[in-house]
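**Q** With the sequence up front, the predicted model follows.
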Number of protein chains: 2
Amino acid sequence: MDHIDNYFKERRSVRKFMDREVPDSMIDSIIERAMKAPTTGNMQLYTVVISREEEALEKLRPLHFNQPASMGAKALLTVCADFNRFSRWCEVSGAVPGYDNFLSFISAMLDATIFAQQIVTIAETEGLGTCYLGTVTYNADQISDILELPDMVVPVACIALGWPEDEGEATERLSLEAVRCFEKYPKFSDDEVKRLYVAKDDYPANAKYVKENHKESLAQVFTDIRYPKAMNEEFSMRFLELLKQKRFL
Amino acid sequence: MDHIDNYFKERRSVRKFMDREVPDSMIDSIIERAMKAPTTGNMQLYTVVISREEEALEKLRPLHFNQPASMGAKALLTVCADFNRFSRWCEVSGAVPGYDNFLSFISAMLDATIFAQQIVTIAETEGLGTCYLGTVTYNADQISDILELPDMVVPVACIALGWPEDEGEATERLSLEAVRCFEKYPKFSDDEVKRLYVAKDDYPANAKYVKENHKESLAQVFTDIRYPKAMNEEFSMRFLELLKQKRFL
């Protein structure tokens, strides 16, 4: 499978989309194949809500901070961890479901994320462009209201989908030794950690961010601007609150 | 991409493996490609620990309840949500990391799961067989000790890997209308929920489970035997405790 081998080596996320429809039948065909992805005990603990209508997209985009990928996408696919449907099946089958707990959320989040990534891979091998919107977990509470998600359904991934306008931005990755190890977690010294990230620090686009943001290091761009502590804590509180509301905590 | 199209339609998890080595170079090549999977802000918040040595496998298998897939696998790949490496890079770069919170765990779990699923897909397209061991989240605390995982590193997925001995078991899936909707979450009536699961209830292998377990419905096999409430609650408590220990809560 040479084509597919190259695909995996070269794939990129796409943030600029053409003004060209993605037919519902194409989305359905992608989802139908993605449903063959592995799932916990074959329970399929996920639901995908497809937002296509302009009115819905106008409400969702600001909750995704109007990220470029959210603006031109022809569809936003919000993939939810879902123990509602399964629990209701239990109830109508004379069984007493016991899935109002954190482990069940974790299982459903795994199922939903595996399913989402299968959608991404299939869509990309068909020539579509995709980009995950991580913001879905930041504003999961408000997104949940817009999509009218019931108990035990929590959005965990959002995929912006469309025909690529460009080939996507190249990004650097860490070396293999940084992310995989044998038998035990590696005990890197400070110098070794520095070395693992040298290529990232030196990557031209990253060096440019540092300068533009008047920071001393790329890491400071992450800690002070992109993913600051106060923001993470605020969104943590809101996400935990949502898990309580949805009965997973 | 006809081959790949068929692959997605027909893929199955594999639980029986041949007694044939999977070379380290092959695993590395799979992981290297999987590292091109999407990741939050290109932070690559994951680490995969590869267990190959018999001594390690003997400790891990019981924690996976000696599941068939764990027994014959030539490697167990434990994929961890990891904010440790990134935080250490921040520290050695004069930045103050703020990732000791729940949202950061969620981001890292998403990254790790997407990465895991990319490993599964690439491995399977190369002819290997895989099976997720959901038990990794049940005994995450003990697995964490065996793999010597530090702060802010939590196992979330485990992939059993090997050359398939058989083609894997066929499993039924829900219909498209059960798992995907447009614009809003669907309001199914009880009868509609029943109908969505009729094919699952009637599937011969499932009907056999019900009989063997002396239950009245397939749902009862799930609620009373496979995923009972008391077990879910016990593992929820332990997983939450682990998140606290690892400073994500």
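**A** Alright, I've got the coordinates.
**Q** can you give me the strands for chain A?
**A** Shown for chain A, the strands assigned by DSSP state E span residues A:46-51, A:75-82, A:129-132, A:153-162, A:180-182.
**Q** Ranking helices and strands of chain A by mean pLDDT, which lands last?
**A** helix A:2-10 (a mean of 85; mean pLDDT, DSSP states H and E).
**Q** which residues sit in contact with the closest residue in space to A:E148 that isn't next to it in sequence?
**A** By the measure of Cβ to Cβ, 6 or more residues apart in numbering or on different chains, the closest residue to A:E148 outside its immediate chain neighbours is B:K184, 4.6 Å from it. The C-beta positions use only the backbone N, C-alpha and C, and glycine is treated the same way. With contact taken as Cβ atoms under 8 Å, 6 or more residues apart in numbering or on different chains, B:K184 is in contact with A:V49, A:L147, A:E148.
**Q** roughly how far apart are B:K184 and A:N42?
**A** Between B:K184 and A:N42 the computed distance is 26 Å (Cβ to Cβ, to the nearest Å).
**Q** and if you look at A:F86?
**A** With Cβ to Cβ as the criterion, A:F86 and A:N42 are 11 Å apart.
**Q** Who are the contact partners of the residue lying closest to A:T223 once chain neighbours are set aside?
**A** What sits nearest to A:T223 in space, not counting adjacent residues and going by Cβ to Cβ, 6+ apart, is B:A95, at 4.2 Å. B:A95 sits next to A:S217, A:A219, A:Q220, A:F222, A:T223, A:D224 when contact means Cβ under 8 Å, 6+ apart.
**Q** do the same with A:V79
**A** A:46-48, A:112-113, A:115-116, A:119, A:155-159.
**Q** Tell me which residue lies farthest from the centre of chain A.
**A** A:G94 (35.5 Å; Cα atoms, centre = their mean).
**Q** PyMOL command for the buried members of the contacts of B:A95?
**A** For anyone working in PyMOL, the buried entries among the contacts of B:A95, judged by 16 or more other Cβ atoms under 10 Å in any protein chain shown, can be selected with:
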select buried, chain A and resi 217+219+220+222+223
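**Q** CSV for the contacts of B:A95, including pLDDT?
**A** Below are the contacts of B:A95 laid out as CSV (pLDDT from 0 to 100):
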residue, pLDDT
A:S217, 97
A:A219, 98
A:Q220, 98
A:F222, 98
A:T223, 98
A:D224, 97
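**Q** The least confident helix or strand of chain A and chain B in contact?
**A** Yes. Using Cβ under 8 Å from any Cβ of the partner chain, helix A:2-10 reaches chain B at A:H3, A:I4, A:D5, A:Y7, A:F8, A:K9, A:E10.
**Q** what does stretch A:193-210 give?
**A** Yes. Remark: stretch A:193-210 sits within contact range of chain B at A:V193, A:K194, A:L196, A:Y197, A:D201, by Cβ under 8 Å from any Cβ.
**Q** filter those residues to the buried ones?
**A** So, of the residues of stretch A:193-210 next to chain B, A:V193, A:L196, A:Y197, A:D201 end up buried under the neighbour-count rule (16+ other Cβ under 10 Å).
**Q** quick one: the second one from A:P186, how far?
**A** What that stands for is A:L196. Separation of A:L196 from A:P186 (Cβ to Cβ) stands at 10 Å.
**Q** and what of the last one?
**A** Between A:D201 and A:P186 the distance is 20 Å, computed by Cβ to Cβ.
**Q** now swap in A:F102 and tell me
**A** In this structure, A:F102 and A:P186 are separated by 29 Å, where distance is defined by Cβ to Cβ.
**Q** Compare neighbour counts for the two and give me the winner.
**A** Legend: neighbour count by other Cβ atoms under 10 Å in any protein chain shown for A:F102 and A:P186, higher for A:F102 (20 against 17).
**Q** That one touches B:E241, doesn't it?
**A** No. Counting by Cβ atoms under 8 Å, B:E241 is not a contact partner of A:F102; they are 10.6 Å apart.
**Q** Which residues does the residue nearest the centre of chain A form beta bridges with?
**A** Nearest to the mean C-alpha position of chain A, by Cα atoms, centre = their mean, lies A:A157 at 3.8 Å. Beta-bridge pairing of A:A157, defined through DSSP bridges, involves A:V79.
**Q** surely it meets A:A116?
**A** Yes. Under the criterion of Cβ under 8 Å, A:A157 lies in contact with A:A116, with a separation of 4.1 Å.
**Q** what about the helices in chain A?
**A** Using DSSP state H, the helices found in chain A span residues A:2-10, A:24-34, A:54-63, A:68-72, A:84-92, A:102-125, A:135-138, A:140-146, A:176-179, A:190-196, A:198-202, A:204-212, A:218-220, A:229-245.
**Q** and which of the contacts of A:V79 is nearest to chain B?
**A** Of all those, A:T113 has the smallest distance to chain B: 4.0 Å, by Cβ to the nearest Cβ.
**Q** The closest one: neighbouring residues, count only.
**A** Using other Cβ under 10 Å as the criterion, A:T113 is surrounded by 27 other residues.
**Q** so what's it up against?
**A** Residues in contact with A:T113 (Cβ under 8 Å, 6+ apart) are A:V79, A:V156, A:A157, B:M109, B:L110, B:T113, B:I114, B:Q117.
**Q** quick one: which of the residues you listed is nearest to B:I143?
**A** B:M109 (15.1 Å; Cβ to Cβ).
**Q** one step back: more neighbours: A:F86 and A:N42, which one.
**A** In terms of neighbours (other Cβ under 10 Å), A:F86 is the more surrounded of A:F86 and A:N42; the figures are 25 against 16.
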